[in-house]
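A.B. asks: Requesting a structural model of the entry that follows:
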Amino acid sequence: MATLSLTQSLTLDGVVQAPGGPDEDRSDGFEHGGWSVPYGDEDFGRFMDEVFARPTAFLLGRRTYDIFAGYWPKQTDPDDPVASKLNALPKYVASTTLTEADWAGTTLLRGDVAQEVAGLKERLDGEIQMHGSAGLARTLLDHDLIDTLHLLVFPVVLGTGRRLFTDGVRPTAFRPAGTRTTGTGVAIHTYELEGRPSYGSY
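C.D. replies: Numbers count the residues shown, from 1 in each chain. Next comes the predicted model:
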């Protein structure tokens, strides 16, 4: 049985929208795209290389798939640790609107997303990785289907934009499983799913 991990970049105020470029996602009038780019350094690259050394498959939402499919198939350097994995390994896309996917190795998941992903975890081995795909991630978090969170918290506040954790998400407890900070101040926190929160009083 496979585990499912999510690697998600977010700001101090929880924004996850368009970290990688000005035109990545301008929906709802978002004007701050590319906010993560100034913080990319060797430490950050080293962490991402470690992440991409592990997957056996990828799970993506529609928007992230479109962004990835427009870029990574053109990166053909066999020594690129990200491109080599993304292009070679199976990719699963949860979408009710995508009719075809021509990136090699892509399978569309068209049914109930929670059931589809639960079935995927049962059928596969190793680590299925999600990168971004915040809308899909919110759904899967509500069904306890994400086993590991890698939250990459960037030292910037934007005040507007889509967030990963919104009002109404399922109360969930996680166990801290590692932390590090890059030279530019990105705090990388890893958490493992634990279950429902416990409560007390002081």
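A.B. asks: ok, now which ones touch the residue nearest to Asp77 when sequence neighbours are not counted?
C.D. replies: Nearest non-adjacent residue to Asp77, counting by C-beta to C-beta, 6 or more residues apart in numbering: Ala83, 6.4 Å away. The C-beta positions use only the backbone N, C-alpha and C, and glycine is treated the same way. For Ala83, the contacting residues are 72, 75-77, by C-beta atoms under 8 Å, 6 or more residues apart in numbering.
A.B. asks: Same question for Leu193.
C.D. replies: Contacts of Leu193 (C-beta under 8 Å, 6+ apart): 144, 146-148, 172, 174-175.
A.B. asks: picking up where we left off before, as TSV, the contacts of Ala83 with distance to Arg62 and neighbour count would be great.
C.D. replies: Formatted as TSV, the contacts of Ala83 follow (distance: C-beta to C-beta, whole Å; neighbours: other C-beta atoms under 10 Å):
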residue	distance to Arg62	neighbour count
Trp72	16	18
Gln75	21	12
Thr76	25	10
Asp77	27	9
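A.B. asks: Pick the one among the residues you listed closest to Asp25.
C.D. replies: Trp72 (17.2 Å; C-beta to C-beta).
A.B. asks: Please name the nearest non-neighbouring residue to the most centrally placed residue in the chain.
C.D. replies: For the chain, the residue nearest the mean C-alpha position is His131 (2.5 Å; C-alpha atoms, centre = their mean). Leaving aside its sequence neighbours, His131 sits nearest to Thr7 (C-beta to C-beta, 6+ apart; 5.1 Å).
A.B. asks: what about that neighbour, neighbour count?
C.D. replies: When counting by other C-beta atoms under 10 Å, one arrives at 20 neighbours for Thr7.
A.B. asks: what packs against the helix or strand where it lies?
C.D. replies: In the assignment (DSSP states H and E), Thr7 maps to strand 3-11. Where contact means 3 or more C-beta pairs under 8 Å, 6 or more residues apart in numbering; DSSP states H and E, strand 3-11 is packed against helix 113-123, strand 127-131, helix 134-141, strand 148-154.
A.B. asks: Would you confirm that the residue nearest to His131 contacts Val51?
C.D. replies: Yes. Look at Thr7 against Val51 with C-beta atoms under 8 Å: they come within range, at 5.7 Å.
A.B. asks: List the buried residues for the helix or strand of the chain with the lowest mean pLDDT?
C.D. replies: Taking mean pLDDT, DSSP states H and E as the measure, helix 62-69 is the helix or strand of the chain with the lowest mean score, a mean of 92. Under the neighbour-count criterion of 16 or more other C-beta atoms under 10 Å, helix 62-69 has 62-65, 67-69 buried.
A.B. asks: ok, now stretch 27-36?
C.D. replies: Buried-residue list, stretch 27-36, by 16+ other C-beta under 10 Å: 30, 32-33, 35-36.
A.B. asks: again with stretch 116-131
C.D. replies: Neighbour-count burial for stretch 116-131 flags 116-118, 120-121, 124, 127-131 (criterion: 16+ other C-beta under 10 Å).
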